[in-house]
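Colleague: Okay, predicted coordinates and the sequence, questions at the end:
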Amino acid sequence: MNLIQTRELSENQLYDAKTLIDLCRLTDHTKGISFLENGVNAISDFPAFYLMYNGNMLISFLSVFLPNEEECEIYANTLPEYRKKGYFRQLFELASEQLKKYGIYEVKFVNEPGCEAGREALGRIGAEPESSEYLMSYCMQQDANPLGNLRLEAEEVPNGRWIRTFRENEPVGSVQVEIEQNVAAIYNVEVFPEYRGRGYGRETLLQTIQYLKQTGCCKILLHVSSSNPIAYHLYSHHGFVHVEQLDYWKKSLQ
């Protein structure tokens, strides 16, 4: 077996990783969600990719996404016929050594809910379930029907809009939206503390949806965590449906 750790995947390694992930996706009936681009990591020189080859065949692959300098998310795949042989553990131990060098001790693993093999492998290394994240999509045939008791202002920013709502001239809430090819992704629906509990979060959301539909968006998406049931209920009650789920597991390296 040949173990490789690298900051950047070569063209051949990238092809091998995509092939492995696709084979696992077909076997496990998942979407094959993964991380393959080190350029977006918060620590540019971190060795984010760990590969195990048997001859010329990539049999296990692990990648590390660093959204900031203190957190990490780990994605991993092993060919079905090579599972339960400790290969994922070996790659994780290599990655753990690097994470500790950079002072990162709390690890999150990303697993799709349909992947039983992933749950078993994470259990064997002592990881524990933490939370789930849901991708939700708005039913575009549904009318938003805001009450109209807030005024909306939208400012163009790179790749999207910054939306703010006002009660008379007082700012009440804000929403960040990224737009690409008429697909809108909603982030950070926020109501300022002094205005919470008055229905302004719902009104800000509905006015944002109405605005995005009027400006030609053909799809509206957002993410919400299972640790935020109030937000999940708000979105599901007002036209968003659950289309994808990621499960997060945690482990401490200390």
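Modeller: Looks like it arrived, so ask away. What you are looking at is a predicted structure, and each value in this text was computed from that prediction instead of being measured.

Colleague: Going by C-alpha atoms from here, please, whenever you check contacts or count neighbours.
Modeller: Will do.

Colleague: So residue 155 sits against residue 163, correct?
Modeller: Yes: using Cα atoms under 8 Å, residue 155 is in contact with residue 163, at 6.3 Å.

Colleague: quick one, strands of the stretch 151-254 of the chain?
Modeller: 151-157, 160-167, 170-180, 183-191, 219-225, 240-252 (DSSP state E, counting those that start in this stretch).

Colleague: Check which helices and strands the second one sits against.
Modeller: Secondary-structure packing of strand 160-167 (3 or more Cα pairs under 8 Å, 6 or more residues apart in numbering; DSSP states H and E): strand 151-157, strand 170-180.

Colleague: Can you verify residue 93 is assigned to a helix?
Modeller: Yes: looking at residue 93 with DSSP: H, G, I helix; E, B strand; the rest coil, it is inside a helix.

Colleague: Domains in this structure, by residue range?
Modeller: Domains of the chain are assigned by automatic domain parsing as 2-132+248-252, 140-238.

Colleague: what about the last one, distance to the chain center?
Modeller: If you compare the mean C-alpha spot of domain 140-238 with that of the full chain, they lie 20 Å apart, counting by Cα atoms, centre = their mean, to the nearest Å.

Colleague: What's the end-to-end length of it?
Modeller: Domain 140-238 has an end-to-end distance of 11 Å (Cα to Cα, to the nearest Å).

Colleague: Ok, which of the strands of the stretch 151-254 of the chain comes nearest residue 24?
Modeller: Closest approach to residue 24 among the strands of the stretch 151-254 of the chain is made by strand 240-252 (16.1 Å; Cα to Cα).

Colleague: could you point out the longest helix in this protein?
Modeller: Longest helix in the chain by number of residues (criterion: DSSP state H): helix 11-28.

Colleague: what number of residues lie near the nearest residue to residue 54 once chain neighbours are set aside?
Modeller: Distance criterion Cα to Cα, 6 or more residues apart in numbering; nearest residue to residue 54, sequence neighbours excluded, is residue 1 at 5.0 Å. Number of residues near residue 1 (other Cα atoms under 10 Å) recorded here: 12.

Colleague: Which pLDDT does the model give residue 1?
Modeller: Residue 1 carries a pLDDT value of 84.

Colleague: Same check on residue 27?
Modeller: pLDDT at residue 27 comes out at 93.

Colleague: list the contacts for it?
Modeller: residue 80 (Cα atoms under 8 Å, 6 or more residues apart in numbering).

Colleague: Next one: it from residue 250, what distance?
Modeller: Shown here: residue 27 relative to residue 250, a distance of 25 Å by Cα to Cα.

Colleague: for residue 29, same thing?
Modeller: In terms of Cα to Cα, residue 29 sits 23 Å off from residue 250.

Colleague: and if you look at residue 221?
Modeller: Counting by Cα to Cα, the gap from residue 221 to residue 250 is 26 Å.

Colleague: Can you tell me the SS state at residue 61?
Modeller: Recorded secondary structure, residue 61: strand (three-state DSSP).

Colleague: Okay, and the beta partners of it?
Modeller: Beta bridges link residue 61 to residue 51, residue 77, judged by DSSP bridges.

Colleague: just checking, it touches residue 76?
Modeller: Yes: using Cα under 8 Å, residue 61 makes contact with residue 76 at a distance of 5.6 Å.

Colleague: Same drill for these two, tell me which one is more crowded.
Modeller: Taking other Cα under 10 Å, residue 61 and residue 76 do not tie; residue 61 has more neighbours (26 against 23).

Colleague: check contacts around the more buried one.
Modeller: Neighbouring residues of residue 61 by Cα under 8 Å, 6+ apart: 17, 20, 49-52, 76-78, 88, 91.

Colleague: can you pull out the helices in the stretch 1-150 of the chain?
Modeller: Secondary structure of the stretch 1-150 of the chain (DSSP state H, counting those that start in this stretch): helices located at 11-28, 87-101, 116-124.

Colleague: Good, wrapping up.
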